[in-house]
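**Q** Predicted coordinates and the sequence they were generated for:
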Amino acid sequence: MTLLVEEERNASLFSWYRAEQRSFPWRGETDPYRILVSEAMLQQTQASRVIPFYNRFVTRFPTVESLAAAALQDVLALWAGLGYNSRGLRLREAARMIAADGWPTTPATLVDLPGVGPYTASALASFAFGARVPAVDTNLRRVLSRWHGEPLNGASLQAAAATALGDPASDWNQAMMDLGATTCVSKVPLCGACPVRDWCSGPAGHTPPRTQGRFEGSARQLRGAIVRSLVRRDATFRDVVQQTGFPTTQVEMALADLMSEQLVNRDETGVYRIAE
Ligand code: SF4
């Protein structure tokens, strides 16, 4: 009997994945809480950078209940340095919802948790609850676009992912993540070493995005520096300017952003502190 293209391609993909898969503390994890922590940290941060933060975090907050009961100051003390601190706030809010109401288990209900978008909801449903769904992120989009020879978006991307999905879905999602991270990389994919090159249209289906702006001197760097400072001690506006070394107008804007994100409060005496 002739195998379908998808079956042949997935057989080669799985065989490569069994031999080459990357090792992470959250790999193979089935505890939804630990998967949620890892996925929150992996949003916008490279996996190798996440490892020590993840290990410290799940040691200090080993259960969803322990995180739900935590002060934001303690959460951000472990998050600071990873960047995008609002992820830490949203993760604690998600833990509070789960501690109160139990775990949602489908992509359609997981997406209601704070900080959980369609990708994270599908990844959680697949890794923790055995759902047969593809977890569509930028890596998967890039690889599928190259297989198809054209940029895929929206409904065409979802349809391509559903057709390509292998069994078990959790392994397929992890294999595709590893393929995208190590071989089918954005700028110069390693097609000669690729396990699925026989079923691919080649690199032209994906256009590499423009690189992110400079971090040094950016508003993002300043917001991170302010959170790191306030995790250690409360501070006046003057203290914040002195500790960060940024111009006052930029510090003003960054503090306003952090307050609107509900990460930082200012009391009536003008002292800034991490929110409750
Ligand atoms: S053959 Fe090249 S472009 Fe196609 S999936 Fe493999 S690495 Fe990506």
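**A** Done, it's in.
**Q** does Arg273 count as helix, strand or coil?
**A** strand (DSSP: H, G, I helix; E, B strand; the rest coil).
**Q** Distance-wise, check it relative to Leu190.
**A** 49 Å (CB to CB, to the nearest Å). All C-beta spots, glycine's among them, are computed from the backbone N, C-alpha and C.
**Q** Compare the two (neighbour count), which wins?
**A** More neighbours surround Arg273 than the other of Arg273 and Leu190, with 16 against 11 (other CB atoms under 10 Å).
**Q** show me the contacts for that one.
**A** Shown in contact with Arg273 (CB atoms under 8 Å, 6 or more residues apart in numbering): 73, 230, 234-235, 264-265, 267.
**Q** Then Ala275?
**A** 72, 89, 262-265.
**Q** In strands, which of these fall?
**A** Among those, the members found in strands (DSSP state E) are 264-265.
**Q** Just the buried ones from the contacts of Ala275?
**A** Buried by 16 or more other CB atoms under 10 Å: 72, 89, 263-265, out of the contacts of Ala275.
**Q** which parts of stretch 32-44 are buried?
**A** For stretch 32-44, by 16+ other CB under 10 Å, it's 32-43.
**Q** Check stretch 125-138 too.
**A** Neighbour-count burial for stretch 125-138, counted by 16+ other CB under 10 Å, picks out 125-129, 131, 133-137.
**Q** right, and the pair among those residues with maximum separation?
**A** For these, the maximum inter-member distance is 18.2 Å, found between Phe129 and Asp137 (CB to CB).
**Q** where are the low-confidence patches of this protein?
**A** 1-3, 212 (pLDDT under 70).
**Q** Return the member of the contacts of Arg273 nearest to the ligand.
**A** Val264 (42.9 Å; CB to the nearest ligand atom).
**Q** who touches the closest one in this structure?
**A** Val264 neighbours (CB under 8 Å, 6+ apart): 226-227, 230, 255, 258, 272-275.
**Q** contacts with the ligand among those residues, please.
**A** Filtering the contacts of Val264 for proximity to the ligand by CB under 6 Å from any ligand atom leaves nothing.
**Q** Of the residues you listed, which is the nearest to Gly28?
**A** Nearest member of the contacts of Val264 to Gly28, counting by CB to CB, is Val227, at 32.1 Å.
**Q** correct me, but that closest one touches Ala77?
**A** No: Val227 is not in contact with Ala77 according to CB atoms under 8 Å; the separation is 9.5 Å.
**Q** Outline the domain layout of this protein.
**A** 1-23+133-209, 31-129, 219-274 (automatic domain parsing).
**Q** Sweet, I'm off.
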